[in-house]
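Chemist: need a structure here:
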Amino acid sequence: MDERRAECCDCFLPHGDVIAQVKPKLPDVEELYDLAELFKVFGDTTRIRILYVLFEAEMCVCDIAETLDLTPSAISHQLRLLKQFKLVKNRRDGKTIYYSLADDHVRSIIDQGREHIEE
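Modeler: Residues are numbered from 1 along each chain as shown. Next comes the predicted model:
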């Protein structure tokens, strides 16, 4: 048997009572699409590293780049995506723009993901 295939029933006999209970509770397709897109953002190691840096302190692009040994251009590109998905926010202080986590949900998502992989 192919280990990569999910186990499946030997017959196709849907259980209507369970389906009727579950189906109305499902989010609409657009919401599920948005959720899947959000989780794709977490699928990049550089973005995860940036979020970990921002767990510790509000920082500008140059400081993040120096901390992670990456170019400011690479960091800026990733921050743009993180900001688009409302995971980070920024503020201007003179000529410097500082980035921070958008809210505590970001840390919760990462913490729960880590907890899950460490089980």
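
Chemist: name the nearest residue to the residue most central in space within the chain, ignoring sequence neighbours.
Modeler: Central residue check for the chain by C-alpha atoms, centre = their mean: the C-alpha nearest the mean position is that of F42, 3.3 Å away. Among residues not flanking F42 along the chain, I48 sits closest, at 6.6 Å (C-beta to C-beta, 6 or more residues apart in numbering). The C-beta positions use only the backbone N, C-alpha and C, and glycine is treated the same way.

Chemist: what does the strand or helix carrying the one you found contact?
Modeler: Assigned by DSSP states H and E, I48 belongs to helix 45-56. The contact list for helix 45-56 (C-beta atoms under 8 Å, 6 or more residues apart in numbering) reads 41-42, 59, 64, 67-68, 70, 74-75, 78-79, 81-82, 87-88, 99-101, 106-107, 110.

Chemist: any quick PyMOL command for the buried ones out of the residues you listed?
Modeler: Those of the contacts of helix 45-56 that count as buried under 16 or more other C-beta atoms under 10 Å are selected in PyMOL with:
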select buried, resi 41+42+59+64+67+68+75+78+79+82+87+88+99+101+106+110
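
Chemist: narrow the contacts of helix 45-56 to those in helices?
Modeler: 41, 64, 67-68, 74-75, 78-79, 81-82, 106-107, 110 (DSSP state H).

Chemist: quick one: which of these is nearest L32?
Modeler: V41 (15.5 Å; C-beta to C-beta).

Chemist: wait, that closest one touches F85, no?
Modeler: Yes: using C-beta atoms under 8 Å, V41 is in contact with F85, at 5.0 Å.
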